[in-house]
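**Student:** Test case, fold it:
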Amino acid sequence: MTALPSFFNKLAVIKQTPIFEGLNWFELNRIARRVELVEFNKGDVICRQGDPADAFYALISGRVYSYTLNSAGQKEEVDFILRGMHFGIISTLTGENHSHTYEAINDSAVIKIKKDDFAHLLKVTPKLAVALSQSLSHRIRSHVTGARDTQESTIIAVYASVKGSGSSTYAANLALTLKAQTDKKVLLLRLSSDLGDSLVNLADIVYDHDKIIESIIKNKLPIDVLGVKFDAADHAVLDRISPFVSAPVNDYSYIVFDLPNQMDDVVMKTLVQSDLIHLVTVEREYDLELTRHVIDRLSEQLKDRFQTEKVQIIISGVQDDSGLKPDEIKKILNYDVFLRLPHLKPQEFQNENVYDGFFMVKVDPASEYAFFLKRLSRQISGSLIGLVLGGGAALGMAHIGVLRVLEQEGIPIDIVVGSSMGALMASLWASGYTADDIEKFGREFGKKTSVWKLFDLNWHLFSGPVGGEAIKRWLRTKIGDKTFHDAKILLKITAYDLYHRQEIIIDQGPLVEAVRKSVAIPGVIKPVMYKDQMIIDGGVLNPLPTNVLVHMGIKKIIAVNVLQSPADVFYGAELEKERLHQQYHVPFTKHPFQYVKFRFIRFWASVFTPNVADIIVRTLQATEYVLAEQSSKQADVIIHPDLKGINWFELYEVNQLIKRGQEATLKHLPSIKALVKR
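**Tutor:** All right, here's what the predicted structure looks like:
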């Protein structure tokens, strides 16, 4: 925190602060004599919830956010204070302690008027009292209606240590995609350290907020753009970088900085003042080592404010094949790669000259590169769409029909979570298979005898009749050695550790092993013994794992519950009773073969009845249905296919299962589309 004592600075700043507009020269001078201009660094607390009332504050540069802390220490009632706005007024007028904490998001400068001085100014400056009264009335109305005065803005800095890494292409198309995905105002701000560029000189505008805003080029593209050049040796410019970075936040929801490759104090200051830092690199050892060096510098600068989720590494896709494996890259970086973009083919982009000195590379929106940017934009904007595929043994085949409709309608899914059979379906889909492909796999079990290909006949009572090795062999024919890293869609699979009685969320390692753990139905499929864990079916504890997405902060959730309700089960039992009744009354004289076959099957069924595996699964599914109903309350759209009359083991009913999943999804399509647009 630093004070700026100049009287003339105070007077100039006060004139530009909205709450003091309309005051005459004498009134402004009176206020200037009682004002402090104070600077706060990023992360500084200006005043804290519960502290005694101390002063009136008005923000003159930077950003501040206010919040309260609940009993669990979580932030609530979050709001944003932007340039020209004031705070601390209610506690100053009433003398009550501050109800909120106010923290600087960027380096910020504020006007501060001590409580007693402010009370005096209100008495001798009636216009100021009226202006504050109007401001308070507006704030109260906004609070009652739930309308926000300000929008949250996000500053994203894009930097690459080496020229030619594709950082400018990435920054420009990220900005364009953010605009397309959110329909909010986006600014692409390019900085150049080459004074020979025909761009606006930063030194000419950095001291005047209005000049910065007036220099922005509008209506050339869907986004607004500004290109500036700077002298890295000009320390006066460096001192003004913080207010420059935050200058456009009142007007734009997203500001993307495209930074030059040379690391200097201006670039580092811009990185530190940003909300998100994207370090773009390619899969070469030298480039990765330089990126690691930047991370170290940022860690030194930000100290305890360094957050790995805010400093993200992007593999640009410029280099087609480096030969480096993911574990080798991680070893060099000692840091996780956040996003690996696909290789951009020459026919998938074109150069566009926006104005003299400012050009960009625009990517084909139908390219795979653009597909990844769309998902990233939804993540940045907090509008990721998650899909939960629940467990239900054979009933999970209905998921194929759900996936087909989502594909046909172009519904974007950013993350999929699966439990038990839902985990199997999710892994196949995330691996890149389409619903049609998965249907072909399902049809491999179209005959009643086909299920035996999954049996390796481990008849141990506790372990179950299925040992699991045959399942893994079948999975490997589809997924091979793919890992979560290879998934086209972010994937999470749930299982349950019986020894420790806790849920396991798997998002690393081989997909086959993860699915095998999640489908280990107690009494049917042998548990997986791993280290000190006994891992069984994820549906035992969590048949519809919507909680995984909720804990990730996903706000748009589609969940598919394939478990049957008690009424469904009763209907199926009555249907089976009627079928048996009809079979019993088929005369031998008309259908001798059918007559003998039916009674033979019924005899052997009676020998193995009650079937222990069947009893266990039906018991589990009765409990799981209740759990799934509770979990479904966390979803925005819940798809519950009508699967009456189909048993948990009837994989051969694949046609009916897919059809009913498809029908249920089509019924919910309007709600799904509304959720996507929300």
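
**Student:** Just grab the bridge partners of I504 for me.
**Tutor:** For I504, the beta-bridge partners under DSSP bridges are A495.

**Student:** Helices along the stretch 201-350 of the chain, start to end?
**Tutor:** Counting by DSSP state H, counting those that start in this stretch, the stretch 201-350 of the chain has helices at residues 202-205, 209-214, 235-239, 241-246, 265-273, 285-302, 326-333.

**Student:** Just name the most buried of the ones you listed.
**Tutor:** The highest mean neighbour count among those, using mean count of other C-beta atoms under 10 Å, belongs to helix 241-246: a mean of 24. Every C-beta, even on glycine, is put in place using the N, C-alpha and C of the backbone.

**Student:** list the helices and strands it packs on?
**Tutor:** Applying 3 or more C-beta pairs under 8 Å, 6 or more residues apart in numbering; DSSP states H and E, we find helix 241-246 packed against strand 55-61, helix 265-273.

**Student:** Put together TSV for the ones you listed, with distance to I113 and mean pLDDT on each row.
**Tutor:** Converted to TSV, the helices and strands packed on helix 241-246 look like this (distance: least, C-beta to C-beta, whole Å; pLDDT from 0 to 100):
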stretch	distance to I113	mean pLDDT
strand 55-61	5	92
helix 265-273	27	95
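
**Student:** Of all these, which one comes closest to I400?
**Tutor:** Nearest to I400, of all the helices and strands packed on helix 241-246, is helix 265-273, at 46.0 Å by C-beta to C-beta.

**Student:** Okay, angle between that closest one and helix 285-302 too, please.
**Tutor:** Orientation check (axes from the mean of the first three to the mean of the last three C-alpha atoms, to 10 degrees): helix 265-273 against helix 285-302 gives 70 degrees.

**Student:** And helix 265-273, what does it pack against?
**Tutor:** With contacts taken as 3+ C-beta pairs under 8 Å, 6+ apart, helix 265-273 sits against strand 154-159, strand 186-192, helix 235-239, helix 241-246, helix 285-302.

**Student:** residue ranges for the strands of the stretch 351-500 of the chain, please.
**Tutor:** 358-363, 385-389, 415-419, 490-497 (DSSP state E, counting those that start in this stretch).

**Student:** Among those, show the one with the smallest mean pLDDT.
**Tutor:** Here the lowest mean pLDDT among the strands of the stretch 351-500 of the chain goes to strand 358-363, at a mean of 91.

**Student:** centre of the chain versus that one, how much separation?
**Tutor:** Once both centres are worked out by C-alpha atoms, centre = their mean, to the nearest Å, strand 358-363 turns out to sit 27 Å from its chain's centre.

**Student:** Please apply the same query to stretch 127-137.
**Tutor:** 40 Å.

**Student:** Can you tell me what sits against that stretch?
**Tutor:** I19, F20, E21, G22, L23, E27, I31, H86, I89, I90, L121, L122 (C-beta atoms under 8 Å, 6 or more residues apart in numbering).

**Student:** In it, which residues are buried?
**Tutor:** L128, A131, L132, S135 (16 or more other C-beta atoms under 10 Å).

**Student:** and if you look at stretch 550-570?
**Tutor:** 554, 556-565, 568-569.

**Student:** same check, this time on stretch 501-518
**Tutor:** 503-506, 510-518.

**Student:** I'd like the residues you listed laid out as TSV, including secondary structure, distance to L271 and pLDDT.
**Tutor:** Shown next, in TSV, are the buried residues of stretch 501-518 (DSSP: H, G, I helix; E, B strand; the rest coil; distance: C-beta to C-beta, whole Å; pLDDT from 0 to 100):
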residue	secondary structure	distance to L271	pLDDT
E503	strand	38	93
I504	strand	37	93
I505	strand	32	95
I506	strand	34	95
P510	strand	37	94
L511	helix	36	96
V512	helix	41	94
E513	helix	39	94
A514	helix	36	95
V515	helix	41	94
R516	helix	44	93
K517	helix	41	92
S518	helix	41	92
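
**Student:** on that earlier part again, mean pLDDT lowest for which of the helices of the stretch 201-350 of the chain?
**Tutor:** Among those, helix 235-239 carries the lowest mean pLDDT (a mean of 86).

**Student:** about what we covered before: and the helices and strands packed on helix 241-246 as JSON lines, adding distance to N542?
**Tutor:** Formatted as JSON lines, the helices and strands packed on helix 241-246 follow (distance: least, C-beta to C-beta, whole Å):
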{"stretch": "strand 55-61", "distance to N542": "45"}
{"stretch": "helix 265-273", "distance to N542": "40"}
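
**Student:** now the nearest residue to G84 once chain neighbours are set aside: how far from N250?
**Tutor:** Spatial nearest neighbour of G84, chain neighbours left out: P18 (4.8 Å); criterion: C-beta to C-beta, 6 or more residues apart in numbering. Using C-beta to C-beta, to the nearest Å, P18 is found at 11 Å from N250.

**Student:** Which among the strands of the stretch 351-500 of the chain is found nearest to P52?
**Tutor:** The closest of these to P52 is strand 385-389. By C-beta to C-beta, the value is 44.4 Å.

**Student:** just checking, what packs against that closest one?
**Tutor:** Counting by 3+ C-beta pairs under 8 Å, 6+ apart, strand 385-389 packs on helix 398-408, strand 415-419, helix 421-430, helix 546-551, strand 556-560.

**Student:** now the residue nearest the centre of the chain: how far from L339?
**Tutor:** Geometric centre of the chain, nearest residue: Q379, 3.8 Å, by C-alpha atoms, centre = their mean. Noted for Q379: a distance of 9 Å to L339, by C-beta to C-beta.

**Student:** Over to S671?
**Tutor:** From S671 to L339 the distance is 30 Å (C-beta to C-beta).

**Student:** what's the neighbour count on E650?
**Tutor:** Here the number of neighbours of E650 (other C-beta atoms under 10 Å) works out to 19.

**Student:** Extract the residue ranges of this protein that are flagged as low pLDDT.
**Tutor:** Within the chain, the stretches with pLDDT under 70 are 1-8, 137-151, 320-322, 447-467, 569-586, 588-591, 593-614, 617, 621.

**Student:** just to revisit the earlier point, between S671 and L339, point out the one with more neighbours.
**Tutor:** L339 (18 against 14).

**Student:** bridging residues for the nearest residue to the more buried one once chain neighbours are set aside?
**Tutor:** Nearest residue to L339 in three dimensions, chain neighbours excluded: I314, at 5.0 Å (C-beta to C-beta, 6+ apart). Beta-bridge partners recorded for I314 (DSSP bridges): V280, L339.
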